[in-house]
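Colleague: Here's my sequence, what's the structure:
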Amino acid sequence: MALGPGQVLQVGRTEWADFAVPNDGQMSSVHFALETEHNACYIKDLGSTNGTFLDRHRLQPQQRVPLEDGAEVLAGRSVFLVRVEKSGGESTSTTSLQSPLASSVTSRRVPKKQIVPAYVPPAPIAQQRSFSVEKCDSGLTLCRGSADEIPPGELAVTVCSMLPAHLIVDFHKLGSPRPAELEAPNYLFDWLDTPVADLVSPIVVSQDEYLSWPNLIDEGWGNDAVVCLFSRQEKPQLLEHLRQALHKGPGDGQGGGIVGYCWPSVLGPLLSYSRPQFIKQLLAGIDAVLVELPDLPDAWQIYGSERAAKVLRELGFQEKPPEGVASAPQETPGG
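Modeller: Prediction:
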């Protein structure tokens, strides 16, 4: 789909939009518009419920902003990457919208602006989104589901519509370089010198800092590399709490050091089996934790209060009995 000068393309969730992303429940029916002029392309939020974000900055309703090469646009749960190609000294521009959900038409011998989704939620699967509920020795409620039914990254995006998400990411275990967008990272081990922290410390990434953050969860799953925290705290308060929990200073009787709660292989078992009072202190200000378990690579786990299960139900997840637990028999008339 290509736009010439003076044309408008509306993007949204329904058939009322020129370009629809029907499986993104967080996108408005008509969410934002692209408008082209002779030599420029603009984006405008159309009064969407959840807002349109350009390079992590929320646009004001009806605000019209020019698009530059490399810009990221977030609408609902879908992220689009803007690329601008120029050719032949032409002054005319053509905008094309590319997506796995629709074919694109490129322009001939004129500059073109492409919008390529960096993260788009997968299409719905029949009878997906089920989970079981267990009570842990730690006092936490454990909600567990299949990563085949809903990938952990997509799960986190769904939950963050109600609870803000923050990631603890170890890019060394992830096996990939830190994205350029995170050029000023918030190191967890901030008591180390920066060169050392850059080598050994995980970092904290909030959902509004890096628009492709769900991909980090899926890429890190099974690599002991990523923990997703859901917290309504401001990030500075969350960082301070995590750093205090992870750092044993010289006054702690152990000569100083690092406690590995930031890695799934350590945190998961703690959340299941530690003393309730310890867990209450560890998760102060944190509503829920999405984490992998080493012996259950195909499952996701969300630990939290009973509210965690309530949130999943409100989001349309279906509760089922834990494995090995039979459903209560149904009473029959006259039985």
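
Colleague: all helices of the stretch 201-335 of the chain, in order?
Modeller: All helices of the stretch 201-335 of the chain, identified by DSSP state H, counting those that start in this stretch, fall at 213-220, 235-246, 264-273, 276-282, 306-314.

Colleague: Columns mean neighbour count on top of the ones you listed, output as CSV?
Modeller: To be clear about C-beta, it is placed using only N, CA and C from the backbone, and glycine gets the same treatment. Formatted as CSV, the helices of the stretch 201-335 of the chain follow (neighbours: other Cβ atoms under 10 Å):
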stretch, mean neighbour count
helix 213-220, 22
helix 235-246, 16
helix 264-273, 18
helix 276-282, 14
helix 306-314, 17
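
Colleague: what residue ranges in the protein score low on pLDDT?
Modeller: For the chain, applying pLDDT under 70 flags the ranges 1-4, 82-128, 248-258, 322-335.

Colleague: need the helices of the stretch 201-335 of the chain in a markdown table with distance to residue 188, can you?
Modeller: Shown next, in a markdown table, are these (distance: least, Cβ to Cβ, whole Å):
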| stretch | distance to residue 188 |
| --- | --- |
| helix 213-220 | 15 |
| helix 235-246 | 6 |
| helix 264-273 | 13 |
| helix 276-282 | 14 |
| helix 306-314 | 24 |
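
Colleague: Now the terminal residues of stretch 61-78, how far apart.
Modeller: 18 Å (Cα to Cα, to the nearest Å).

Colleague: I'd like the domain boundaries of the chain, if you could list them.
Modeller: 2-119, 130-320 (automatic domain parsing).

Colleague: Could you report the neighbour count for the nearest residue to residue 274 once chain neighbours are set aside?
Modeller: Spatial nearest neighbour of residue 274, excluding adjacent residues (Cβ to Cβ, 6 or more residues apart in numbering): residue 138 at 5.1 Å. Here the number of neighbours of residue 138 (other Cβ atoms under 10 Å) works out to 22.

Colleague: got a list of what residue 138 touches?
Modeller: 270-276, 278-279 (Cβ atoms under 8 Å, 6 or more residues apart in numbering).

Colleague: mind running it again at 6 Å?
Modeller: Residue 138 makes contacts with 274, 276, 279, as judged by Cβ atoms under 6 Å, 6 or more residues apart in numbering.

Colleague: nearest spatial neighbour of the second one, skipping sequence neighbours?
Modeller: Nearest non-adjacent residue to residue 276, counting by Cβ to Cβ, 6+ apart: residue 139, 3.7 Å away.

Colleague: and the gap between the one you found and residue 46?
Modeller: Distance of residue 139 to residue 46, given as Cβ to Cβ, to the nearest Å: 46 Å.

Colleague: higher neighbour count, the two?
Modeller: residue 46 (17 against 13).

Colleague: Using the three-state scheme, assign the residue nearest to residue 274.
Modeller: coil (DSSP: H, G, I helix; E, B strand; the rest coil).

Colleague: Got phi/psi on it?
Modeller: Here is the backbone geometry of residue 138 (degrees, to the nearest 10): phi -70, psi -10.

Colleague: Distance-wise, check it relative to residue 162.
Modeller: Between residue 138 and residue 162 the computed distance is 23 Å (Cβ to Cβ).

Colleague: got the end-to-end distance for stretch 156-165?
Modeller: Stretch 156-165 end-to-end distance (Cα to Cα) = 7 Å.

Colleague: wait, I meant stretch 27-44
Modeller: 14 Å.

Colleague: What backbone torsions are found at residue 41?
Modeller: The phi/psi pair for residue 41 (degrees, to the nearest 10) reads phi -130, psi 140.
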